[in-house]
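In: here you go, sequence then predicted model.
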Amino acid sequence: MMSEAGNTKYNIEYPVYRTNPHSAETRQQPFAQSVLRVYEKLFELPTFIMINPQDDLHDTELFVSDSIQPLEGQLRTLLTKITELPICGDDVQIFPHRFRSESTSATQFIALMPLSLQDRVIAVVGILCNAETNTSTHFPRAHFQKGSDQLINADLTKKLKSFRNLARILVPGLLRILSANDLNDTLRIHDPASARYLLPPQQSNPREIFTVCNIDPLTGLRTRESFEQLISDAIESVTDPDQRVALFYVDLDHLKVINDAHGHAAGDAALVAISDRLKQMECENITALRLGGDEFALLLEDTTCHQIRALLEELPATLSHPIYHEHSEIRPKVSIGAAVFPRHANNVKELQESADTALYHAKKRGRNRASLFNQVMRTRLDRQVTLQRTAKQALMQNQVGTVFQPIRTCRTSKIKMLEARPDWPTQILEIARGSDLSKIFDSASFSDILGDTTIAAIIHTMRACQNTSMEPWEFLFRVPVPSLLKEGFCDDLSYLLQENNVQPDKFTLEIPSRVLLRANAHILISQLNELTSTGVKLCINHFDSGGLKIEHFQKLNISYIKLHAGSVEKLFEDEKTARLLIAATEFAHALNIEIILSEIKNAHTEEKLKELGAEYVQGEFYAPEQRFSEIYKKHVLGISQDPIQRAKSSIAHRRVSRLPSSMIN
C-alpha cells in the first residue's frame with residue numbers, strides 16, 4: 001500500500017492495528033518509545049529522543065533507553081541548552097560531556113542529530129557512548145565537536161561513525177511522521193489528546209508505520225524483510241487479466257574484483273551508485289530493494305508487458321554508467337533476471353524461482369545482460385544441477401579418470417606434448433547430452449578436487465615418462481579458473497613439481513584469456529611470472545575471442561597460443577577478420593610465441609587454416625583422446641591397440657555426439 005506522503009512504501013505492521021483501536025484489551029505504544037526501541041537495535045548504543053524542546057522542561061518530551069534512565073534529568077537540561085544554540089557545521093554533531101553519576105566515571109560522548117522545521121528544532125535523536133579516558137581535558141570545550149576531532153579511542157570513533165551514517169538515513173523519516181501530511185503544520189505529539197501514540201489514528205494510515213528496521217544502512221534501500229509479503233500483496237492485487245507483476249533480480253557482477261582492485265570503499269561506492277540508480281526508477285508501481293551483498297531486486301506491480309519489456313531493455317545500460325570514486329573510474333556490469341506473474345509463475349515462490357533461473361541464465365551467457373525467464377531455461381538449469389551433483393559424486397568416489405590427447409608438430413607429425421583432460425564416466429556423458437563439460441570444469445563447487453586430481457595424474461605420468469622415448473614430451477593442462485584464481489595456486493604447483501622431481505619446463509599451464517581481463521589481473525600476472533621463472537610454460541586459450549592488449553604480451557612470458565579450429569573457421573568467413581587474425585598470429589610469431597591449432601576434425605579444415613602458420617595441431621583427425629597406458633604401450637613398448645578395442649573406445653567417446661539434435665538442445 002502506498003503512503004500519502006511521498007508515495008513511499010512501508011513494510012512494517014504493528015499488531016495494534018490488526019485489532020479495533022478502541023478495544024480495551026489493546027494498549028497502544030507511545031510514539032517515540034516505539035521508535036526508540038527500533039533505534040536502539042540499529043545503533044546498538046543507549047539512545048534518546050527529545051520531541052518538541054521547550055523552555056519549560058516539563059513540556060519537553062524525552063524518551064531514553066533503560067540503561068541511561070538515571071541520567072534523564074541531566075540529559076534533559078543539557079539538550080534544552082543545546083537546542084537553543086544555532087546549528088552549524090555537520091548535520092550530525094558529536095561532543096564530550098561529564099554526567100554526575102556514581103555509575104558513570106568515564107567521559108560520555110553525546111552524538112545527536114537535530115531535526116528542524118521552519119528554523120526551529122522540533123526533535124533531537126542521539127546516543128551516549130563511553131570513552132576510555134576519565135577526563136575530558138583532551139577535548140575542546142566548545143559544543144558540537146565533530147566525530148573526527150581529537151578522538152583517541154578507535155572503537156569509540158567506529159561507533160560514532162556508524163551512528164553518523166545510520167542517522168543520516170533513518171532520522172529524517174521521523175521528521176516526516178512528526179509533520180504528518182502537511183509539513184507546514186507541525187504535529188503536536190506531546191498533546192495529551194493524542195496520548196503520544198505511535199501514530200495518531202485520526203491522522204495516519206494504519207499501515208504507514210516508521211520503517212527504520214527495514215532500511216539498508218549503506219544504500220538506503222528497503223531490505224529483504226517482508227520481501228515475500230510485498231510480492232504476495234502485489235499478486236493478490238491483480239484483478240484484471242491484463243495486469244502483470246514482474247520481479248527483476250539484479251546482481252552487480254564481480255564486486256570482489258572491484259574490492260580487490262580499488263578497495264572496499266570503492267566497492268561500497270559501486271553498491272551505493274547502483275542503489276541510487278534503482279531508486280530513481282521507483283514510482284507508483286515500482287519498488288527497489290537490496291536483498292544483501294551485491295543482490296538487488298525491482299518489484300513491478302500493476303504493470304503491463306510493454307513496461308516490463310521497456311525496463312528490461314533499458315536497465316543494463318542505465319546501471320552500467322561509469323562510477324567515479326576518488327581517482328578511479330569503475331565501470332560496473334550487472335546481470336539481470338526477470339519473471340512475470342501469471343505468465344511464468346502461479347505464486348510467490350514460483351515467481352522468485354523463475355527470476356532466479358533467469359538471472360542464472362544471464363550469468364552463464366557471459367554476465368552484463370538481462371534475461372527474461374522461459375521454460376527452456378528451467379529445463380537446462382535442472383539438467384545442469386543434476387549434472388553437477390552427479391559429477392561431484394563421481395569425483396568424490398574417484399570415478400573420474402584422466403585421458404590425454406596428443407599435440408603434434410605440423411612439419412614432422414611427431415608428438416610435441418600431451419594435453420590432459422578429465423575422463424568422465426558414461427552416466428555423466430548421458431546426462432550432459434552434448435553439453436559443454438568444460439563448464440563443469442570451471443564450477444567453483446568442485447574445481448579444486450578436479451584440478452588436484454588431474455594435476456596429480458599429470459605428475460604421475462611425467463614421472464612414468466622419465467628415461468623413456470617419451471621423456472622429451474611436454475604436458476599441457478587447462479587449469480579450472482577458480483583454482484587458478486585461488487590464493488597460493490602457483491606456489492603450490494611449483495612445490496608439487498619440485499617435490500616430485502619432474503622438470504618444470506615439461507609442464508605447460510593453459511589459461512583462458514578472459515582471466516587476464518579482470519580488474520585485479522595484475523595480481524595473477526605477477527604470480528604467473530613467478531611460476532614461469534621456474535621453467536613452467538604458459539599457453540593462452542581463446543586468444544581469437546579478443547580483448548588481450550599488447551601490455552599482456554609485454555608483462556607475461558607466453559610460450560603458446562591455442563586457437564580453436566571451429567572458432568577460427570567462423571572468423572575466416574569474413575575476409576577482413578581473417579586478415580586481422582593472420583596479422584595477430586604473425587605478431588605472436590614475432591614474439592617467439594608458437595601457435596597450437598586445436599579441435600581439427602578433417603583435412604578440409606587443416607588445409608583451410610594453413611595460412612595461420614601454426615606450429616602444432618591437435619584433434620580427432622590426428623589422434624583421439626586415450627588413456628596414458630595405451631599411449632605408453634604404443635610409443636614405448638611398441639604394442640598397438642587391438643582394432644576391436646579401439647573401435648569400442650571410439651564409439652564410447654562419440655556416443656554423445658551421435659544423439660539427435662533435439663535431445664542435445
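Out: Arrived safely, thanks for sending.
In: Thr318 is in what secondary structure piece?
Out: Using DSSP states H and E, the element containing Thr318 is helix 305-319.
In: so what does that helix touch, helix or strand wise?
Out: strand 244-252, helix 264-279, strand 295-303, strand 334-341, strand 370-372 (3 or more C-beta pairs under 8 Å, 6 or more residues apart in numbering; DSSP states H and E). Bear in mind the C-beta positions are built from the backbone N, C-alpha and C, glycine included.
In: now for these, which one comes closest to Phe475?
Out: strand 334-341 (36.2 Å; C-beta to C-beta).
In: adjacent strands (with direction) for the closest one?
Out: Using DSSP bridges, the strands paired with strand 334-341 in its sheet are strand 244-252 (antiparallel), strand 370-372 (parallel).
In: show the subsequent helix or strand relative to the last one.
Out: When you say that, I think you mean strand 370-372. helix 375-396.
In: and that next one, what does it pack onto?
Out: Helices and strands touching helix 375-396, by 3+ C-beta pairs under 8 Å, 6+ apart, are helix 348-364, helix 426-432, helix 438-441, helix 447-465.
In: which secondary structure elements does the first one sit against?
Out: Packing partners of helix 348-364 (3+ C-beta pairs under 8 Å, 6+ apart): helix 227-236, strand 244-252, strand 334-341, strand 370-372, helix 375-396.
In: how about those in TSV, adding distance to Ser275 and mean neighbour count?
Out: What follows is the helices and strands packed on helix 348-364, written out as TSV (distance: least, C-beta to C-beta, whole Å; neighbours: other C-beta atoms under 10 Å):
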stretch	distance to Ser275	mean neighbour count
helix 227-236	16	17
strand 244-252	10	25
strand 334-341	12	24
strand 370-372	18	22
helix 375-396	27	16
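In: and the closest residue to Pro504 other than its chain neighbours, what helix or strand is that in?
Out: Computed as C-beta to C-beta, 6 or more residues apart in numbering, the closest residue to Pro504 that is not its neighbour in sequence is Gly535, at 3.4 Å. Secondary structure assignment for Gly535, by DSSP H and E: no helix or strand.
In: one more: Lys562?
Out: strand 560-564.
In: what sits up against the following helix or strand past that strand?
Out: For strand 560-564, the succeeding helix or strand toward the C-terminus, using DSSP H and E, is helix 565-572. Residues outside helix 565-572 that contact it (C-beta atoms under 8 Å, 6 or more residues apart in numbering) are 542, 544-545, 577-578, 581, 597-601, 605, 608-609, 612, 619.
In: could you tell me the least trusted of the strands paired with strand 334-341?
Out: When the strands paired with strand 334-341 are compared by mean pLDDT, strand 370-372 comes last with a mean of 91.
In: just say which of the helices and strands packed on helix 375-396 is most tucked in.
Out: Scoring those by mean neighbour count under mean count of other C-beta atoms under 10 Å gives helix 348-364 as the most buried, with a mean of 21.
In: how about the helices and strands packed on helix 305-319 in TSV, adding distance to Glu72?
Out: Listed next are the helices and strands packed on helix 305-319 as TSV, based on distance: least, C-beta to C-beta, whole Å:
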stretch	distance to Glu72
strand 244-252	45
helix 264-279	37
strand 295-303	42
strand 334-341	49
strand 370-372	55
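In: so what angle separates the directions of the strand holding Lys562 and helix 565-572?
Out: If you take axes from the mean of the first three to the mean of the last three C-alpha atoms, to 10 degrees, strand 560-564 sits at 80 degrees to helix 565-572.
In: which strands and helices sit next to strand 560-564?
Out: strand 537-541, helix 575-590, strand 594-598.
In: could you chop the chain up by domain?
Out: 15-194, 216-373, 397-664 (automatic domain parsing).
In: circling back: pull out the buried residues from the strand holding Lys562.
Out: 560-564 (16 or more other C-beta atoms under 10 Å).
In: same deal with stretch 255-271?
Out: For stretch 255-271, using 16+ other C-beta under 10 Å, the buried residues are 255, 258-262, 266-271.
In: take these and lay them out in JSON lines including pLDDT.
Out: Below are the buried residues of stretch 255-271 laid out as JSON lines (pLDDT from 0 to 100):
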{"residue": "Leu255", "pLDDT": "87"}
{"residue": "Ile258", "pLDDT": "86"}
{"residue": "Asn259", "pLDDT": "83"}
{"residue": "Asp260", "pLDDT": "79"}
{"residue": "Ala261", "pLDDT": "79"}
{"residue": "His262", "pLDDT": "83"}
{"residue": "Ala266", "pLDDT": "87"}
{"residue": "Gly267", "pLDDT": "88"}
{"residue": "Asp268", "pLDDT": "88"}
{"residue": "Ala269", "pLDDT": "88"}
{"residue": "Ala270", "pLDDT": "91"}
{"residue": "Leu271", "pLDDT": "91"}
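In: among those residues, which one sits closest to Pro114?
Out: Asp268 (26.9 Å).
In: chain neighbours aside, what residue packs nearest to the closest one?
Out: Nearest one to Asp268, counting by C-beta to C-beta, 6+ apart, is Leu218 at 6.3 Å.
In: can you give me the neighbour number for Leu42?
Out: 18 (other C-beta atoms under 10 Å).
In: tell me which helix or strand it sits in.
Out: Leu42 belongs to helix 31-43, assigned by DSSP H and E.
In: and what of Leu531?
Out: helix 521-532.
In: mind giving me the packing neighbours of that helix?
Out: The contact analysis (3+ C-beta pairs under 8 Å, 6+ apart) places helix 521-532 against helix 489-499, strand 507-512, strand 537-541, helix 550-555.
In: right, and these - which one's nearest Pro316?
Out: If you check each of those against Pro316 by C-beta to C-beta, strand 507-512 wins as the nearest, at 23.7 Å.
In: shaky segments in the stretch 501-650 of the chain?
Out: 519, 543-547, 640-650 (pLDDT under 70).
In: just the angle between the strand holding Lys562 and strand 507-512, please?
Out: 50 degrees.
In: and strand 560-564, which strands flank it?
Out: strand 537-541 (parallel), strand 594-598 (parallel).
In: isn't Tyr324 right up against Ile330?
Out: Yes: contact status for Tyr324 versus Ile330: in contact at 7.5 Å, counting by C-beta atoms under 8 Å.
In: still on that earlier bit, turn the helices and strands packed on helix 375-396 into JSON lines, including distance to Val636.
Out: Output for the helices and strands packed on helix 375-396, formatted as JSON lines (distance: least, C-beta to C-beta, whole Å):
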{"stretch": "helix 348-364", "distance to Val636": "43"}
{"stretch": "helix 426-432", "distance to Val636": "29"}
{"stretch": "helix 438-441", "distance to Val636": "29"}
{"stretch": "helix 447-465", "distance to Val636": "9"}
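In: and those, which one is worst for confidence?
Out: helix 438-441 has the lowest average pLDDT among the helices and strands packed on helix 375-396, namely a mean of 61.
In: list the contacts of the residue positioned nearest the centre of the chain.
Out: By C-alpha atoms, centre = their mean, the chain has its centre lying nearest to Asp294, at 4.3 Å. Going by C-beta under 8 Å, 6+ apart, Asp294 touches 251-253, 255, 271.
In: if we go to 6 Å?
Out: 251-252, 255 (C-beta atoms under 6 Å, 6 or more residues apart in numbering).
In: the residue nearest to Asp268: neighbour count?
Out: 14.
In: which pLDDT value goes with it?
Out: pLDDT, Leu218: 76.
In: what about it, distance to Arg290?
Out: When distance is defined by C-beta to C-beta, to the nearest Å, Leu218 is 8 Å away from Arg290.
In: repeat for Ser320
Out: Applying C-beta to C-beta to Ser320 and Arg290 gives a distance of 18 Å.
In: of those two, which one has the most company?
Out: A side-by-side neighbour count of Ser320 and Arg290, using other C-beta under 10 Å, places Arg290 first with 23 against 16.
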